[in-house]
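[1] Structure for the following, please:
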Amino acid sequence: MPVFQYKVLDEGGRESTGVTDADSPREARQKLFARKLRVVELAPLAGVGTQTATSQRPSLPAQWMHRFGRIFSHRRRLQELAMVTRQFGTLLQSGIPLMGALTAIIDQVEDRRLKSTLMDVRERVAQGTTLADALGANPDYFNELYVNMVAAGEASGSLDAVLGRLADYLQKQNRIQSKVVAALTYPLLMMIVGTGVVIFLLTYVVPQIMTVIAKQKMALPLPTVMLLAVSNFFRDFWWLLVGAFVALIALYRSAAATDKGRLAIDTMMLRIPLVGNLLRKQAISRFSITFATLLESGLPVLESLQIVKKVVNNRLLADTLDLVRKKIAEGADISTPLKNSKVFPPVVAYMIAVGEESGRLEELLKKISESYDEEIEIASQRLTSMLEPLMIVIMAVIVGFIVLSIMLPIFQMSKI
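    Next up is the predicted model:
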């Protein structure tokens, strides 16, 4: 059902905005009029879970803006979804019917895209669709893990408990991502700012000073000659550097679009000193808590592994889990193929083996996740504490070389 964004005036003349679902603009106006609201503006909102026949492919800049917007808003959306999921489960646990719980959640959600998404879900449920299928029609918010857990909850009659587990899972993923992003953001920001300062010095400051020095027609020291050559290269061939940067991005995107390229990139990422260790710990923690959450919700092992391999965000680990799933289908246990893979640490396979033998697999998977969360905390602090002074030393050496190269001919001039 289409969703419309509106601006209305109430009986007291107060202005308000919001969204509502209706089959047509006329029906939307009638629904608002029934609430004693006078419509000032009414416009269709880009459908969530629906597409218009006149939709066109966005331009390349628009695609990039959308992609960057999705990257920066992902954590906020994850937090909002966790909050909504917990409230939804609480309402169902209190005995409120499904449609009533959906309506209550919709009324208090402030984000317009999430509100319109939930409206689409409510409309589909009202037409007889299961909640899981209605959620699956909106993959921007509800991924395969979310949909399958809800389906398991509906089948077992424990939807409220499953939603509680989902909320815990989403909040934990948000915390882990925050730690990793915080550890990587500061060094990256320092590198970008430092590179910008060096480029400014080489392309603007150094040429002006060298113009004055060149008028003296004196022999330049070796460091000054080297600096002048680098400065001229940046000034005259900046387009070559930009082209090389664009070519690297295009090469990365083309490689990442293929199975072999994606596997090679993800394997290389795990081998980067310090950063690779942090990414591996994050992936193992995500594997453990996701696997435990799915098993607790009643999903079979094979189906759970099929879902888990899609959320580890690393092709090497995903291929390993796919191999483990095939071995289990042939009659093997979980721990043996994990141990033989050489990708997962031996302690993970050992704890899973103990969990299988004792019937406490979900509990031990959670302990693995908690253990790796603590290691992520330590690894994040260690990464920051090592990269920060390293970046400072590198920038000090570069800036010091630039200053020395400029000052040497000035000292020579003062002796003449």
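[2] what are the ranges of the helices in the stretch 1-150 of the chain?
    Along the stretch 1-150 of the chain, the stretches classed as helices by DSSP state H, counting those that start in this stretch are 25-34, 60-93, 98-108, 112-126, 131-136, 144-156.
[3] swap that for the stretch 201-350 of the chain, sorry
    Assigned by DSSP H, counting those that start in this stretch, the stretch 201-350 of the chain shows helices spanning 206-214, 222-236, 238-256, 259-271, 275-296, 301-308, 315-329, 335-340, 346-358.
[4] Can you tell me which of these is packed in deepest?
    Of the helices of the stretch 201-350 of the chain, the one with the most neighbours on average (mean count of other CB atoms under 10 Å) is helix 275-296, at a mean of 22. Backbone N, C-alpha and C define where each C-beta goes, glycine included.
[5] Mean pLDDT and distance to residue 10 added to the helices of the stretch 201-350 of the chain, as JSON lines?
    Shown next, in JSON lines, are the helices of the stretch 201-350 of the chain (pLDDT from 0 to 100; distance: least, CB to CB, whole Å):
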{"stretch": "helix 206-214", "mean pLDDT": "77", "distance to residue 10": "64"}
{"stretch": "helix 222-236", "mean pLDDT": "84", "distance to residue 10": "61"}
{"stretch": "helix 238-256", "mean pLDDT": "89", "distance to residue 10": "50"}
{"stretch": "helix 259-271", "mean pLDDT": "87", "distance to residue 10": "54"}
{"stretch": "helix 275-296", "mean pLDDT": "86", "distance to residue 10": "44"}
{"stretch": "helix 301-308", "mean pLDDT": "86", "distance to residue 10": "46"}
{"stretch": "helix 315-329", "mean pLDDT": "88", "distance to residue 10": "53"}
{"stretch": "helix 335-340", "mean pLDDT": "85", "distance to residue 10": "61"}
{"stretch": "helix 346-358", "mean pLDDT": "88", "distance to residue 10": "58"}
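[6] For residue 103, find the nearest of the ones you listed.
    Nearest of those to residue 103, taken as CB to CB: helix 275-296 at 27.3 Å.
[7] Check which helices and strands that closest one sits against.
    With contacts taken as 3 or more CB pairs under 8 Å, 6 or more residues apart in numbering; DSSP states H and E, helix 275-296 sits against helix 144-156, helix 159-200, helix 259-271, helix 301-308, helix 315-329, helix 361-415.
[8] what domains does the record give for the chain?
    Domain ranges of the chain: 3-45, 60-142, 275-371, per automatic domain parsing.
[9] looking at these, which is buried most?
    It is domain 275-371: most buried of the domains of the chain by mean count of other CB under 10 Å, with a mean of 19.
[10] State the distance spanning the first to the last residue of that domain.
    Length of domain 275-371, first residue to last, CA to CA, to the nearest Å: 18 Å.
[11] Looking at the domains of the chain, which is nearest to residue 165?
    Nearest of the domains of the chain (CB to CB): domain 275-371, 5.4 Å.
[12] thinking again about what came up before, any idea which of the helices of the stretch 1-150 of the chain scores lowest on pLDDT?
    Lowest mean pLDDT within these: helix 60-93, at a mean of 66.
[13] check contacts around residue 271.
    With contacts defined as CB atoms under 8 Å, 6 or more residues apart in numbering, residue 271 has no neighbours.
[14] that older thread, out of the helices of the stretch 1-150 of the chain, the one nearest residue 181 is which?
    Nearest to residue 181, of all the helices of the stretch 1-150 of the chain, is helix 60-93, at 7.5 Å by CB to CB.
[15] where does the closest residue to residue 15 other than its chain neighbours land on pLDDT?
    Among residues not flanking residue 15 along the chain, residue 9 sits closest, at 5.7 Å (CB to CB, 6 or more residues apart in numbering). Listed pLDDT for residue 9 reads 75.
[16] so residue 9 touches residue 37, yeah?
    Yes. Between residue 9 and residue 37 there is a contact at 7.0 Å, judged by CB atoms under 8 Å.
[17] Could you report the separation of residue 326 from residue 340?
    Residue 326 sits at a distance of 13 Å from residue 340 (criterion: CB to CB, to the nearest Å).
[18] Overlap in contacts, the two.
    With CB under 8 Å, 6+ apart, residue 326 and residue 340 have no common neighbours.
[19] who are the neighbours in contact with the spatially closest residue to residue 142 that is not a sequence neighbour?
    Ranked by CB to CB, 6+ apart and with sequence neighbours excluded, the top spatial neighbour of residue 142 is residue 135, at 4.1 Å. Residues counted as contacts of residue 135 (CB under 8 Å, 6+ apart) are 121, 141, 142, 146, 147, 150.
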